[in-house]
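Novice: The following comprises the amino acid sequence and a computationally predicted model.
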Amino acid sequence: KDVLLAQGKKIVYCIFSKKNGNRILEGLSYANSVFGGFINGKIIDSIIIGILCFIGMTMLNMPLAVLISVIVGITNIIPFFGPFIGAIPSILILFIGDPKQGFLFAVFALVLQQLDGNFIGPLILGDRLKISSMWILFAILIGGSLYGVAGMVLGAPTLACVFAVVREFCKKKLDEKSLPIQSDFYYNIDY
């Protein structure tokens, strides 16, 4: 890893000027921290949800606790849609065996996902991406339509990196024109 990183840096400085090379490496470092933090956080969150699902299903005496907990945990990696992708087939599996168990699991999955969305996820992930949930949803939809499941998982951190580049570009251009960077300034001006 260290040898590859050193060789990559050498190639960047070979091709680009020192100033541009520094910018490129700074951008790549930022992308690495965004992607690494997001993916690691989602994996930890999903493991916790899978374990909580197993504990809850065991306490409720539901069948197939291990299988369904693994499905719920793995699909939870996908933002927004993952919990539905995992819960719906699990509900159907349980519903086929016993409709009461299927209904009970549906309620349990809803409570578990509310717990994850409102407490566990924000606690682990925080505001790592620094973009609004509307843009995250947009990134997931576009990423999923272009690249499937991988696009759904990687769409949000990719958009966060694009936003960071645009933010820095705008900041530089506004500074050159002696204009304020804060968006508040631009709300009530006509020209």
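Specialist: Received, thanks.
Novice: Measure how buried residue 159 is and give me the count.
Specialist: Applying other Cβ atoms under 10 Å, we find 20 other residues in the vicinity of residue 159. Heads up, the C-betas are built off the backbone N, CA and C, glycines and all.
Novice: Packing partners of the helix or strand of the chain with the lowest mean pLDDT?
Specialist: Counting by mean pLDDT, DSSP states H and E, the chain has its least confident helix or strand at helix 121-125, which shows a mean of 80. For helix 121-125, the elements it packs on are helix 18-59, judged by 3 or more Cβ pairs under 8 Å, 6 or more residues apart in numbering; DSSP states H and E.
Novice: packing partners for the helix it packs on?
Specialist: Counting contacts by 3+ Cβ pairs under 8 Å, 6+ apart, helix 18-59 packs against helix 2-15, helix 65-75, helix 99-115, helix 121-125, helix 133-176.
Novice: coming back round to it: might you quantify the distance of the least confident helix or strand of the chain from its chain's geometric centre?
Specialist: Using Cα atoms, centre = their mean, to the nearest Å, the distance from the centre of helix 121-125 to the centre of the chain it belongs to is 11 Å.
Novice: Stretch 95-115 now?
Specialist: 25 Å.
Novice: Touching that stretch from outside, list them.
Specialist: 49, 52-53, 56-57, 60, 62-63, 68, 72, 83, 87, 90-94 (Cβ atoms under 8 Å, 6 or more residues apart in numbering).
Novice: Stretch 35-43 now?
Specialist: Outside of stretch 35-43, the residues within contact range by Cβ under 8 Å, 6+ apart are 76-77, 79, 124-125, 128-129, 153-154, 156-157, 160-161.
Novice: Kindly reformat the helices and strands packed on helix 18-59 as a markdown table containing distance to residue 43.
Specialist: As requested, the helices and strands packed on helix 18-59 are arranged in a markdown table below (distance: least, Cβ to Cβ, whole Å):
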| stretch | distance to residue 43 |
| --- | --- |
| helix 2-15 | 23 |
| helix 65-75 | 10 |
| helix 99-115 | 17 |
| helix 121-125 | 10 |
| helix 133-176 | 10 |
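Novice: So residue 76 is in contact with residue 52, correct?
Specialist: No - here residue 76 lies out of contact with residue 52, judged by Cβ atoms under 8 Å, at a distance of 10.4 Å.
Novice: Quick check on the two: which one has the bigger neighbour count.
Specialist: The residue with the greater number of neighbours, taking residue 76 and residue 52 and applying other Cβ under 10 Å, is residue 76; the counts read 26 against 17.
Novice: Quick check, pLDDT for the closest residue to that one other than its chain neighbours.
Specialist: The spatially closest residue to residue 76, leaving aside those adjacent along the chain, is residue 46, at 4.1 Å (Cβ to Cβ, 6 or more residues apart in numbering). As summarised for this prediction, residue 46 has a pLDDT of 95.
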